[in-house]
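In: sequence first, predicted coordinates after that:
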Amino acid sequence: IQTYTTPRGKAKAKAALRAEFDLPVADGPLTVVVSRLSEQKGLDALLNALPALIDHGGQLALLGTGDKALEAAWRAAASHPNVGVHIGYDEGRSHRMIAGADAILVPSRFEPCGLTQLYGLRYGTLPVVARTGGLADTVIDANPVALASGVATGVQFHPVTADAIAGAFARLLDLWRVPDVWAKMQRNAMRQPVGWEASAPLYAALYESIAR
């Protein structure tokens, strides 16, 4: 499998994503959500925090299905020109979204592992995640120490509330306004090991010990 360590093609994929969701060109980051629509996934809190992103030039494209009340609420949110929503499941669309976006939002209230933040890392699409479970384990928060050390790969927040997500959006927008920092984080993200190379041998050794 060929992997990349720089976000080549991101601008072209981003333009295509905006066209697919009928979004205009904007000054802020284009963020995406690919998720089941449920309270467990934090999509209610994210909806309430949305003005903190779109009122400052950001955009959001969402793909998902689930709770009917949340589906209706997100459809209503799509009346804003900088919000695009597709209710349903579409694997091809999900890859196009993550490839073209600047950031991927994963505001889960609990998440034993999580995959979409790993996809985001591979695509150079910075994860904005709740500080819980596997999300906290796989995304290096852009705190002052991580930024100074040059290792940050995304943004973490806690708890899963509209206010905390709004704070994460403010941090994301600040990072976006410093292109060199943003580009460094993209490169860091794409170089993160997200495969089974490290953990698979540990599982194999565990199974072998049990079998004995």
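Out: Thanks, I have the structure now. Numbering: from 1, shown residues only.

In: what's the longest helix in this protein?
Out: Ranked by residue count, the top helix of the chain under DSSP state H comes out as helix 162-176.

In: distance from the helix or strand following it to the middle of the chain?
Out: Next helix or strand after helix 162-176 toward the C-terminus (DSSP states H and E): helix 179-191. Offset of helix 179-191 from its chain centre (Cα atoms, centre = their mean, to the nearest Å): 14 Å.

In: can you show me the helices along this protein?
Out: 10-20, 43-49, 51-54, 68-77, 91-100, 116-123, 133-138, 144-149, 162-176, 179-191, 199-211.

In: between those helices, which one is closest to residue 84.
Out: helix 10-20 (8.0 Å; Cβ to Cβ). Just so you know, the C-beta spots here come from the backbone N, C-alpha and C atoms, and that holds for glycine as well.

In: that closest one packs against which elements?
Out: Applying 3 or more Cβ pairs under 8 Å, 6 or more residues apart in numbering; DSSP states H and E, we find helix 10-20 packed against strand 30-37, helix 91-100.

In: TSV for these, including distance to residue 146 and mean neighbour count?
Out: Listed next are these as TSV, based on distance: least, Cβ to Cβ, whole Å; neighbours: other Cβ atoms under 10 Å:
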stretch	distance to residue 146	mean neighbour count
strand 30-37	20	23
helix 91-100	23	18
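
In: need those in TSV (columns: distance to residue 130).
Out: Output for the helices and strands packed on helix 10-20, formatted as TSV (distance: least, Cβ to Cβ, whole Å):
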stretch	distance to residue 130
strand 30-37	12
helix 91-100	18
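
In: among the ones you listed, which is nearest residue 168?
Out: Of all the helices and strands packed on helix 10-20, strand 30-37 comes closest under Cβ to Cβ, at 10.6 Å.

In: adjacent strands (with direction) for the closest one?
Out: strand 59-66 (parallel), strand 103-106 (parallel) (DSSP bridges).

In: distance between the first one and the chain's centre?
Out: Taking Cα atoms, centre = their mean, one finds strand 59-66 lying 12 Å from the centre of the chain it belongs to.

In: wait, what's in contact with the closest residue to residue 13 other than its chain neighbours?
Out: Among residues not flanking residue 13 along the chain, residue 100 sits closest, at 3.7 Å (Cβ to Cβ, 6 or more residues apart in numbering). Contact partners of residue 100, counting by Cβ atoms under 8 Å, 6 or more residues apart in numbering, are 10, 13, 14, 15, 16, 17, 18, 30, 32.
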